[in-house]
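Peer 1: coords below, sequence missing:
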């Protein structure tokens, strides 16, 4: 399967130009029809502490180096304010994987273990949502 | 600002080929240094009801047509199972916007209002996380 995909590599890298953000499927992505979305919300021991938030973001920036991560976004609560919006977390860590197996590699990766070792003293708890669903070929 | 970006359009669409998924910044994306991540978790009235889950996904597929949405992923809980993982929701709806203003356009868009009108009887409640953070130029 992988070899077949590799032969089509050049063809698969063609992209459609368009406004905004586009997702491009290359070799590995073509092989996977699903996308694994891992979203973690960190709640700090010292809630609303700017230094601790910055420290955690520093750690997450290093964590982006795990090779199986395909996309990453580090965020903080937006200013939107409706009753259904949860805003108590300090940092949002969103990442995409090609599949469940690659997320498991991430969980056990030395960079991830080092992150937990060095930064877990900062958080009170985390909430994790792992969702899997079809990968869309083209995005705006 | 927009005109300057348009002039650089060709240059901006160049991409680095690589394994996996790549995010490509084109005209509009270049203008925005941040990415607005809107993540909604739907909890159904009839929890674990397959027909209601399918119905909701049908509605969300129609909702993807809102023009300010830059990326979308519709998912269901993955099989991962750790104490920190929240799995009680039926459907995960993740979408990216260029900024807060475009998310507000989405909230008030007729397609969104129609979705709420036609499908909100299915859910018991939703939890929404809106996170904003730097857009990364290149992703793997």
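Peer 2: Received it, and whenever you're ready, just let me know what you need. Here the structure is a predicted model, which is why all the values come from computation and not from measurement.
Peer 1: pretty sure residue A:90 contacts residue A:47?
Peer 2: Yes: using Cβ atoms under 8 Å, residue A:90 is in contact with residue A:47, at 6.9 Å. Quick note: C-beta positions are derived from backbone N, CA and C, even for glycine.
Peer 1: And these two? Which one has more around it.
Peer 2: residue A:90 (23 against 12; other Cβ atoms under 10 Å in any protein chain shown).
Peer 1: give me every residue that touches the nearest residue to that one once chain neighbours are set aside.
Peer 2: Nearest non-adjacent residue to residue A:90, counting by Cβ to Cβ, 6 or more residues apart in numbering or on different chains: residue A:44, 4.5 Å away. Counting by Cβ atoms under 8 Å, 6 or more residues apart in numbering or on different chains, residue A:44 touches A:52-53, A:56, A:90, A:122-124.
Peer 1: what's the farthest-apart pair in those residues?
Peer 2: Greatest spacing in those, by Cβ to Cβ: A:53 and A:124 (13.0 Å).
Peer 1: Can you pull out the low-pLDDT segments for chain A?
Peer 2: A:1-32, A:138, A:140 (pLDDT under 70).
Peer 1: Compare residue A:53 and residue A:124 and say which is more crowded by neighbours.
Peer 2: residue A:53 (18 against 11).
Peer 1: Got the phi and psi for the more buried one?
Peer 2: phi -60, psi -50 (degrees, to the nearest 10).
Peer 1: Look at residue A:82 and say how many residues are nearby.
Peer 2: 9.
Peer 1: quick one, strands of chain A?
Peer 2: Here chain A has its strands, by DSSP state E, at A:21-25, A:34-44, A:71-77, A:91-97, A:123-134.
Peer 1: most packed of those?
Peer 2: strand A:91-97 (a mean of 25; mean count of other Cβ atoms under 10 Å in any protein chain shown).
Peer 1: Give me the sheet partners of that strand and which way each runs.
Peer 2: Using DSSP bridges, strand A:91-97 pairs in its sheet with strand A:34-44 (antiparallel), strand A:71-77 (antiparallel).
Peer 1: Let's have the ones you listed in TSV, adding distance to residue B:102.
Peer 2: Shown next, in TSV, are the strands paired with strand A:91-97 (distance: least, Cβ to Cβ, whole Å):
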stretch	distance to residue B:102
strand A:34-44	20
strand A:71-77	16
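Peer 1: what about those strands, which gets the closest to residue A:107?
Peer 2: strand A:34-44 (9.3 Å).
Peer 1: Centre of the chain to the closest one, how far?
Peer 2: 6 Å (Cα atoms, centre = their mean, to the nearest Å).
Peer 1: now it against strand A:123-134, angle please.
Peer 2: If you take axes from the mean of the first three to the mean of the last three Cα atoms, to 10 degrees, strand A:34-44 sits at 170 degrees to strand A:123-134.
Peer 1: and residue A:85, what does it touch?
Peer 2: Per Cβ under 8 Å, 6+ apart, neighbours of residue A:85: B:128-130.
Peer 1: any chance of these in JSON lines, plus distance to chain A?
Peer 2: Output for those, formatted as JSON lines (distance: Cβ to the nearest Cβ, whole Å):
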{"residue": "B:128", "distance to chain A": "5"}
{"residue": "B:129", "distance to chain A": "6"}
{"residue": "B:130", "distance to chain A": "4"}
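Peer 1: Of those, which is the nearest to residue A:101?
Peer 2: Closest to residue A:101, out of all of those and judged by Cβ to Cβ, is residue B:129, at 26.1 Å.
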